[in-house]
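Have a look at this fold, sequence not included:
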């Protein structure tokens, strides 16, 4: 009798677990720096997915290449799975320059040859952002996507990363991109900081109506500080945003991946006079834990 009761209880428990709503998304961390990989608090998390942006002229810049080598080497040695996003150069004088398709293709082939274990790519980061060379040229962004699909053999290639801008995701840029052939893309990369930090999913919902296929939110964060957006330093507010982000991931079933941006915070962000623009770290720059890390662990535990 006890055995039958125990089996009945076990069956009931399993049915409840199966019925419980779960997030459709997997989670990861994006950060440009290597301390992420050597931090025991990272290795304690049930995460393997990581993300980094790569300036398009990295192949010809020894300093940039050394930084990428170090990051990718640690990613490989720790078993992390990297997603790379090609980005504009921030070298003075080259900020608005754009690679030719030949240069772009050479970069992707170079990266694939240098890091054979790597197989996830976003062809261009925040392609519809005003500082990008693709900002007024959605055709160029689509050309980079096509070149990436050809050059990165065996890779999972997302769309160029789209961010809400101007009048939102219904912007002229995305409309043109879709008409040029982007409508055939089945895996989309999207950034929606503004949505999450205002605790709304309005632009994500609008984006889902415009595109078909799966969505990877390749940058999300609770802003500890964002001066441009008038978000003063507040660790608790950022933690609340992280809680909300997990709810959004559960609600939107087409969101298959979500990468939080920034492991360690920006030095000096807690001091107004330092004029720091951005901080979304789970820890202070010196490694001191913030409330956001507890929110991250809580969300992953669910």
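Thanks, I have it. No experiment lies behind these values; they were computed from the predicted model shown. Numbers count the residues shown, from 1 in each chain.

chain center to the host helix or strand of residue 194, what's the gap?
Element membership of residue 194, judged by DSSP states H and E, is helix 193-197. Centroid separation between helix 193-197 and its chain, computed with C-alpha atoms, centre = their mean, to the nearest Å, is 13 Å.

packing partners for it?
Helices and strands in packing contact with helix 193-197 are listed as helix 202-210, strand 214-220, helix 235-251; criterion 3 or more C-beta pairs under 8 Å, 6 or more residues apart in numbering; DSSP states H and E. Using the backbone N, CA and C atoms, a C-beta is placed for each residue, glycine as well.

With distance to residue 172 added, can I get those in a markdown table?
Below are those laid out as a markdown table (distance: least, C-beta to C-beta, whole Å):
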| stretch | distance to residue 172 |
| --- | --- |
| helix 202-210 | 13 |
| strand 214-220 | 21 |
| helix 235-251 | 26 |
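
Deepest in the core, which of those is it.
Comparing the helices and strands packed on helix 193-197 by mean neighbour count (mean count of other C-beta atoms under 10 Å), strand 214-220 comes out on top with a mean of 24.

pLDDT (mean, whole number) over the helix or strand just after that strand?
Following strand 214-220 in sequence order, the next helix or strand is strand 225-226 (DSSP H and E). For strand 225-226, mean pLDDT is 94.

burial of residue 183, as a residue count?
A count of neighbours around residue 183, defined by other C-beta atoms under 10 Å, yields 11.

What sits closest to it if chain neighbours are left out?
residue 212 (7.3 Å; C-beta to C-beta, 6 or more residues apart in numbering).

Distance of the one you found relative to residue 77?
Residue 212 is 38 Å from residue 77, where distance means C-beta to C-beta, to the nearest Å.

got the contact list for the one helix or strand residue 86 maps to?
Element membership of residue 86 [criterion: DSSP H and E] is strand 81-87. Contact with strand 81-87 is made by 28, 30, 48-56, 72, 75, 104, 107-108, 111, 115, 118, 120-126, 144, 148, 161, 189, 216, 218, 259, as judged by C-beta atoms under 8 Å, 6 or more residues apart in numbering.

likewise stretch 268-278?
223, 224, 225, 226, 227, 228, 233, 266, 267, 279, 284, 285.

and the end-to-end length of that stretch?
10 Å (C-alpha to C-alpha, to the nearest Å).

in that stretch, what counts as buried?
Of all the residues in stretch 268-278, those buried under the rule 16 or more other C-beta atoms under 10 Å are 269, 270, 276, 278.

Go ahead and flag the most central residue of this structure.
By C-alpha atoms, centre = their mean, the chain has its centre lying nearest to residue 218, at 2.1 Å.

What pLDDT is listed against it?
pLDDT, residue 218: 98.

hang on, the earlier thing: what's the average pLDDT for the strand holding residue 86?
98.

hmm, back to that, the more surrounded of residue 212 and residue 77?
residue 212 (12 against 9).

For that one, which three-state class applies?
coil (DSSP: H, G, I helix; E, B strand; the rest coil).

In this structure it contacts residue 178, no?
No. Between residue 212 and residue 178 there is no contact under C-beta atoms under 8 Å: 9.8 Å.

now what about stretch 122-140, what contacts it?
53, 83-88, 95-98, 141, 144-145, 147-148, 157-163, 165, 171, 173-174, 176-177, 180, 182, 189, 191, 218.

ugh, wrong one, stretch 106-113
54, 56, 58-59, 84, 86, 99, 118, 121, 147-148, 151-153, 155.

Mind giving me the PyMOL select for the contacts of strand 81-87, buried ones only?
In PyMOL syntax, the buried subset of the contacts of strand 81-87 is picked out as below (16+ other C-beta under 10 Å):
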select buried, resi 28+30+49+50+51+52+53+54+55+56+72+75+104+107+108+111+115+118+120+121+122+123+124+125+126+144+148+161+189+216+218+259
